[in-house]
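Enquirer: Okay, predicted coordinates and the sequence, questions at the end:
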Amino acid sequence: MTNTVRRFHIFPVILLLTLANCFTGCDRGGHPSKIDGPAPGFTVSDNIRTVHLHDYRGHIVLLNFWATWCAPCIAEIPSLEALHHKMPQITILAISVDDDATAYQQFLFQHQIDLITVRDPAQKANLLYGTVQFPETYVINRKGMIVRKFIGAQDWTSPDILDYLGKL
């Protein structure tokens, strides 16, 4: 078989695989299935803190899934902290998926993190939301409905985000 004939037969296979990948990719787009639906409830407890999402009903909640080994998460933390101080009316719940409790505690101490964070090494909470890549953040309104999803690290003090959160 000549090279031209082999390339001709391979092209449709590559095209089909590429199209299949486009249609079966994970849902990290702008319209995840949970938007406008109720936020899945959870309880996460580590040796220091227990967080029940239902305790924050009636509040605007920024639910952030992160880890200390995640470079974009680390880059995002200072702006989450700044938002925490700038808009105290918004509750930020930062759920870490770290396995290593010592590394997690050292990170919190070194970076003087004072927003609500809890370690969930079993990844029960993030899997309820379909989050497996970090960071991802969900905005939950006062009625417990997910109204927005942010994928990847954000500048939480940007005028656009502050304006959006201020309108909630």
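Expert: Happy to help now that I have it. Numbers count the residues shown, from 1 in each chain.
Enquirer: what about residue 130, is that helix, strand or coil?
Expert: Using DSSP: H, G, I helix; E, B strand; the rest coil, the structure places residue 130 in coil.
Enquirer: how many neighbours does it have?
Expert: Residue 130 sits with 15 neighbouring residues when counted by other Cβ atoms under 10 Å. The C-beta positions use only the backbone N, C-alpha and C, and glycine is treated the same way.
Enquirer: Return the distance of it relative to residue 39.
Expert: 12 Å (Cβ to Cβ, to the nearest Å).
Enquirer: how close does the residue most central in space within the chain sit to residue 90?
Expert: The centroid of the chain falls nearest to residue 136 when counting by Cα atoms, centre = their mean (1.6 Å). Residue 136 sits at a distance of 17 Å from residue 90 (criterion: Cβ to Cβ).
Enquirer: Where does the prediction get shaky in this protein?
Expert: Applying pLDDT under 70 to the chain flags residues 1-33.
Enquirer: Mind jotting down where the strands sit in it?
Expert: For the chain, the strands defined by DSSP state E occupy 43-45, 50-52, 60-66, 90-96, 116-119, 136-140, 146-151.
Enquirer: How far off centre is the first one?
Expert: By that I understand strand 43-45. Distance, stretch centre to chain centre, for strand 43-45: 17 Å (Cα atoms, centre = their mean, to the nearest Å).
Enquirer: Flag every buried residue along stretch 123-136.
Expert: 123, 125-126, 129, 131, 134-136 (16 or more other Cβ atoms under 10 Å).
Enquirer: wait, stretch 83-97
Expert: The neighbour-count check on stretch 83-97 (16+ other Cβ under 10 Å) flags 83-84, 87, 90-97 as buried.
Enquirer: export the buried residues of stretch 123-136 to a markdown table and tack on distance to residue 48?
Expert: Formatted as a markdown table, the buried residues of stretch 123-136 follow (distance: Cβ to Cβ, whole Å):
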| residue | distance to residue 48 |
| --- | --- |
| 123 | 18 |
| 125 | 16 |
| 126 | 19 |
| 129 | 23 |
| 131 | 22 |
| 134 | 21 |
| 135 | 21 |
| 136 | 23 |
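Enquirer: No more questions from me, cheers.
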